[in-house]
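A.B. asks: have a look; sequence and predicted model below, questions after that.
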Amino acid sequence: MSAVTLPLHEQAPAPTAAHVAPSAGLRGLVSDWSSDREAFHVSWGKAMMWIFLLSDTFIFGSFLTGYMTVRTSTTVPWPNPSEVFALHVAGKDIPLLLIAIMTFILISSSGTMAMAVNCAYRRDRVNAAALMFVTAAFGEMFVFMQAFEWSKLILDEGVRPWANPMGAAQFGSAFFMITGFHGLHVTAGVIYLIVVATRVLRGKYEKSGNYQIVEIAGLYWHFVDLVWVFIFALFYLW
Amino acid sequence: MSSVTTTTPATAGHDAGHAVGQQHPIGLYFKIWGLLFVLSTLSYLVDYFHFHGLMRWTLILTFMILKAGLIVAVFMHMAWERLSLIYAILVPPLALLVLVGLMWAEADYTFLTRLIFFR
């Protein structure tokens, strides 16, 4: 605290690059913030992806907390997700069937993504790109199934963000908000994966031999799967 | 999470991992993949067999936390990262637990108020 108010010549000399007078103005601002101080011994790309994912954690955490609050405080019974999301197959209702399939698809996409990272670090770029395209395809399947689920809920069951025939009105708003935001993340992830996979396939990273971009894209993708774990447990199963 | 860190010590994995990035045997990924499938099936069965009350919530939360831990620790390689990064990412979300606690109390209060005035 006090070090900030001290004049420059009274401060203890900084351990590194003390003899170079800090430049003023905008240039000084840039050099102050980029003067080789590293807190995390990882590349900036990976550190920034983690910090972005941390902020995303707070977004989804706040959504889920909001959902908890409206569900706990409503005096009208909450629609039973097990029945709402049941699929009518072979003459009987199977609870949460579509959601279970979506869960397995997303987990599988996480598995192929992990293998893509492994291939990329072995500089096996064809397999890495292929596995990333498979991951993106799984993600796209997930989005299509979600679109099917949404249209079934909106058209057949009459669920709206402000009302639904099954019970508490807040069900619709919580559902559309949370799964909508997650679906948006999956869609963005699919685009991101396709872009990175195309670059990998074209050999953009061959010269530097640095394939960490695949791991960073993987971090994002695994996070999308991670969020679904919480949505599946707290929204669909609860 | 801890089971993963004990089988593959963080330091050894880290030193080897950072020369060429996070490189781990593909067999490990397959095992985690399988475990995630099993855990998802189990949590689906909780609904299928209509568990209710405390039993249901305990099982759902346990499977959820196990799955989340496996994804973060192995798929996202958190088990092999340095402690500075692990703490920087995993400690701040604890604030969300405080928020959940606060909102839980608030929601209960709202619920009781609604019971008194809106029924």
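C.D. replies: Noted; the coordinates are in hand.
A.B. asks: can you point out the buried residues in the helix ranked longest in chain A?
C.D. replies: Longest helix in chain A, counting residues (DSSP state H): helix A:170-202. Counting neighbours by 16 or more other CB atoms under 10 Å in any protein chain shown, one finds that the buried residues in helix A:170-202 are A:170-176, A:178-179, A:182-183, A:185-187, A:189-190, A:192-194, A:196-197, A:200. C-beta coordinates here come from the backbone N, C-alpha and C atoms, glycine included.
A.B. asks: next one: stretch B:78-94
C.D. replies: B:Met78, B:Ala79, B:Trp80, B:Glu81, B:Arg82, B:Leu85, B:Ile86, B:Ala88, B:Ile89.
A.B. asks: quick one: the third one and A:Glu215 touch, right?
C.D. replies: If I follow you right, that is B:Trp80. No - the pair B:Trp80 / A:Glu215 is not scored as a contact, 11.5 Å apart, by CB atoms under 8 Å.
A.B. asks: now do the shared contacts for these two.
C.D. replies: B:Gln22 (CB atoms under 8 Å, 6 or more residues apart in numbering or on different chains).
A.B. asks: and A:Thr75, how far is that from B:Phe111?
C.D. replies: A:Thr75 sits 7 Å away from B:Phe111, going by CB to CB, to the nearest Å.
A.B. asks: need the residues touching each of these two.
C.D. replies: Going by CB under 8 Å, 6+ apart, no residue sits against A:Thr75 while also sitting against B:Phe111.
A.B. asks: pretty sure A:Val196 sits against A:Met132.
C.D. replies: Yes - between A:Val196 and A:Met132 a contact is recorded at 6.6 Å, counting by CB under 8 Å.
A.B. asks: show me what contacts B:Leu42?
C.D. replies: B:Leu42 touches B:Leu59, B:Phe63, counting by CB under 8 Å, 6+ apart.
A.B. asks: one step back: touching both of A:Val196 and A:Met132, which residues are there?
C.D. replies: In contact with both A:Val196 and A:Met132: A:Val214, A:Ala217, using CB under 8 Å, 6+ apart.
A.B. asks: before we move on, back to that, gap between the longest helix of chain A and the chain center?
C.D. replies: Relative to its parent chain, helix A:170-202 has a centroid offset of 8 Å by CA atoms, centre = their mean, to the nearest Å.
A.B. asks: report all helices and strands that it contacts.
C.D. replies: With contacts taken as 3 or more CB pairs under 8 Å, 6 or more residues apart in numbering or on different chains; DSSP states H and E, helix A:170-202 sits against helix A:44-73, helix A:97-121, helix A:125-151, helix A:212-231.
A.B. asks: and A:Trp238, how many neighbours?
C.D. replies: 17 (other CB atoms under 10 Å in any protein chain shown).
A.B. asks: what sits closest to it if chain neighbours are left out?
C.D. replies: Leaving out its chain neighbours, the residue that sits closest to A:Trp238 by CB to CB, 6 or more residues apart in numbering or on different chains is B:Ile60, at 6.7 Å.
A.B. asks: quick check: the one you found touching A:Ala233?
C.D. replies: Yes - at 5.0 Å, B:Ile60 counts as touching A:Ala233 under the criterion of CB under 8 Å.
A.B. asks: and for these two, which residues touch both?
C.D. replies: With CB under 8 Å, 6+ apart, B:Ile60 and A:Ala233 have common neighbours B:Ser43.
A.B. asks: just list whatever residues bridge to A:Ile94.
C.D. replies: In this entry, A:Ile94 is beta-bridged to A:Leu87, by DSSP bridges.
A.B. asks: what subset of the buried residues of stretch B:78-94 is also close to chain A?
C.D. replies: Applying CB under 8 Å from any CB of the partner chain to the buried residues of stretch B:78-94, one finds that B:Glu81, B:Arg82, B:Leu85, B:Ala88, B:Ile89 fall near chain A.
A.B. asks: need those in TSV with secondary structure and pLDDT, can you?
C.D. replies: Shown next, in TSV, are those (DSSP: H, G, I helix; E, B strand; the rest coil; pLDDT from 0 to 100):
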residue	secondary structure	pLDDT
B:Glu81	coil	91
B:Arg82	coil	90
B:Leu85	helix	92
B:Ala88	helix	92
B:Ile89	helix	93
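A.B. asks: out of these, which two sit at the greatest distance?
C.D. replies: Using CB to CB, these span at most 11.2 Å, a distance reached by B:Arg82 and B:Ile89.
A.B. asks: distance of A:Ala129 from A:Pro165?
C.D. replies: 47 Å.
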